[in-house]
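Asks: Pasting the sequence and the predicted model now:
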Amino acid sequence: MSTTAQIGVTGLAVMGRNLARNFARNGYTVALHNRTAARTHALVEEFGHEGAFVAAETAKDFVAALERPRRLVIMVKAGEPTDAVIREFAPLLEPGDMIIDGGNAHFADTRRRERELREQGLHFVGTGISGGEEGALHGPSIMPGGSTESYGSLGPMLERISAKAADGAPCVTHVGPDGAGHFVKMVHNGIEYADMQLIGEAYQLLRDVAGYTPAEIADVFRTWNEGRLGSYLIEITAEVLAHTDAATGLAFVDIVTDAAGQKGTGRWTVQTALDLGSPVTAIAQATFARAASGQRELRAAYAGLPGGTTPALSRTEAARFTSQVEHALYASKVIAYDQGWKMIQDAAAEYGWKIDLGAVAKIWRGGCIIRASFLDRIRAAYAADSELVSLLGEMEFAMEITDAQVPWRETVASAARRGIPVPAFSAALAHYDTLRAGRLPAALLQGQRDYFGAHTYGRTDRPGAFHTHWAQDGRPETQA
Ligand code: 6PG
C-alpha cells in the first residue's frame, strides 16, 4: 500500500469519524482504521467525497499507508482500550513516529504512556479535544501535550483543523510536555462542571424566587448572552429553557429527571486537586451536586423537612433580583475560573511543566464547551502580566468583583433564607472570603491538632514549630 497519508485515525466512532473528516476536509490524506472494518468502509462510502481517505483493514496496512514520521491518532475509550490499541500499533512503528491520543484520558495514564513509548523512540501526544462531535468536525479546541519535536510536525495540522477565535487565531497550542495537554483538558472539564452548576443555580433562583417561567428565563439568558456572561453554555441554556417537550407540550426542563450524569472528568479534576492541595471548591461543589442530585432515596428521606420561606416577589422586585443574580453568577464564575487557573499553576509546579496560562485562555476562546468572550479577558490579563497570581490581581476583574459584593452576598443570603441550594455560588463566595480574610480559624484548628495529636503549630511572633504540654503539668511550650 502506498505511503500517502499525512495522518491516520483509528477508532471511528462519532468523535474519531468526525475528526478524520475534519482532516480530510482540510486537504490532508487520511488513513482510516477501525476494529470493525465495516465502519471504515461506511465512512468512505458516505463521506469519501469530502477528501482523500485511505481505508485500511489491518493494523499493518494502516501503518503502511502513513508517511514518515507517522502520525497515528487514537480515538477510543480512555483506560484499557487505549492501552490495547497502543500495544497493537507501537510494535509496527519506527523511532520518530508518533501516537496521538485524542480521547479523554487521565493525565497520569498519559504521563505513563509517554514515558514508556519515549523509551521505544516513539512520541506519545496526549491531546485534549474539546467541542464534542460538532467540534471534532468543524473545529475543536485542541490541547496537545507531548514533546516539542512532535508539535513541530503535528502542530501545523492541528492548527489548520482547529476552531478559530474571533481574531482568526487557531484554538490550539502546545500545552506542555507529557500529560500537560490531558491535564489542561481535565481542568477545562472541571471548569465546565462549575460553569454549568452556576448557570443551573441562577436558573433555579430565577424560577423559585423571581417566579419566572422557563421561557421568561430563556429570555433573561439571551439578554445575558449579549453581555459579559456571553458564552456557548449561556447560549445553549437559553435554547434548552425555551424548548417545549413535543409529547406533552410542557417546558422541556420540567419533564427531565433532575439527576445529573457525569462521565468522570470533573471527578478526576477534584481528586487531582485534593492531591495537589489546590482548592477548586466551586468545581468540587458542582461535582458533588451532580452526585447528590442522583441520590433518590436520600432525597426522599429529606423531602418535606423544614427549610426556608419563599415569599413571592413583585415584577419590579423580580427584575431587581434578576440583576442581583447576574452579578452573583458573574462573580462566582470569575472565582471558579481563577481556581481552575491556579490548579494549572499548581500542577505545573508539581510536574515541572512550563504552561503559558494566557495561551490556555487563548485556545479556549473558540471550539470548546466553555468558549466565551470572557476568556479573551483572561488571555489579556496574563498577556499583561504572565506572573499574575490571581485574576483578581487584574484591575478590571477586581473592579467587577467590588461591584458585585452586595448583590452577590444578597443572592447567597436570599437563597439560604429561602432554602434554595446554591452550593457553587456559596463555595465561590466562601473561597473569596477565605482568601481575603485577615485571620482564619486555622489558628484554632492548629491548637486542636496539637492538643490531641501533638502535631505542633507555628507562632505569629517567631519562626519554628511548637508544642504545648496540654497536661497542665506546668512545663513551658517546647520548640519542636
Ligand atoms: C468537551 C466535553 C466532553 C465531555 C462530555 C461529557 O470538552 O467536549 O467536556 O469532553 O466529556 O461533554 O461530560 P460529562 O459526562 O462529564 O458531563
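Replies: Okay, I see it.

Asks: how about the strands in the stretch 51-200 of the chain?
Replies: All strands of the stretch 51-200 of the chain, identified by DSSP state E, counting those that start in this stretch, fall at 52-55, 71-74, 98-101, 123-130, 141-144.

Asks: what's the following helix or strand after the longest helix along the chain?
Replies: When the chain is parsed with DSSP state H, its longest helix is helix 315-351. Once helix 315-351 ends, the next helix or strand along the chain (criterion: DSSP states H and E) is helix 357-363.

Asks: Spell out which residues of the stretch 351-480 of the chain are next to the ligand.
Replies: 368, 369 (C-beta under 6 Å from any ligand atom). No exception for glycine: its C-beta is placed from N, CA and C like everyone else's.

Asks: For the ligand, what's the nearest residue on the stretch 351-480 of the chain?
Replies: Among the residues of the stretch 351-480 of the chain, residue 369 lies closest to the ligand, at 4.5 Å counting by C-beta to the nearest ligand atom.

Asks: Mind splitting this structure into its structural domains?
Replies: 7-178, 185-436, 442-479 (automatic domain parsing).

Asks: Run a quick check on residue 422 versus residue 409, I expect a contact.
Replies: No. In this structure residue 422 lies outside contact range of residue 409 using C-beta atoms under 8 Å: 11.9 Å.

Asks: three-state assignment of the closest residue to the ligand within the stretch 251-400 of the chain?
Replies: The shortest separation between the stretch 251-400 of the chain and the ligand is 3.4 Å, found at residue 263 (distances taken as C-beta to the nearest ligand atom). Here residue 263 is coil, with the state taken from DSSP: H, G, I helix; E, B strand; the rest coil.

Asks: Report how many residues lie close to it.
Replies: Burial measure for residue 263: 9 neighbouring residues, criterion other C-beta atoms under 10 Å.

Asks: quick one: the helices in the stretch 101-250 of the chain?
Replies: According to DSSP state H, counting those that start in this stretch, the stretch 101-250 of the chain carries its helices in the segments 107-118, 132-138, 148-161, 180-208, 214-224, 232-242.

Asks: Now render those helices as a markdown table, adding mean pLDDT and mean neighbour count.
Replies: Shown next, in a markdown table, are those (pLDDT from 0 to 100; neighbours: other C-beta atoms under 10 Å):
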| stretch | mean pLDDT | mean neighbour count |
| --- | --- | --- |
| helix 107-118 | 98 | 19 |
| helix 132-138 | 96 | 18 |
| helix 148-161 | 97 | 18 |
| helix 180-208 | 98 | 26 |
| helix 214-224 | 98 | 19 |
| helix 232-242 | 98 | 18 |
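
Asks: now those helices as JSON lines including distance to the ligand?
Replies: JSON lines is the format used below for these (distance: least, C-beta to the nearest ligand atom, whole Å):
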{"stretch": "helix 107-118", "distance to the ligand": "14"}
{"stretch": "helix 132-138", "distance to the ligand": "4"}
{"stretch": "helix 148-161", "distance to the ligand": "15"}
{"stretch": "helix 180-208", "distance to the ligand": "5"}
{"stretch": "helix 214-224", "distance to the ligand": "19"}
{"stretch": "helix 232-242", "distance to the ligand": "11"}
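
Asks: With that, I have no additional questions.
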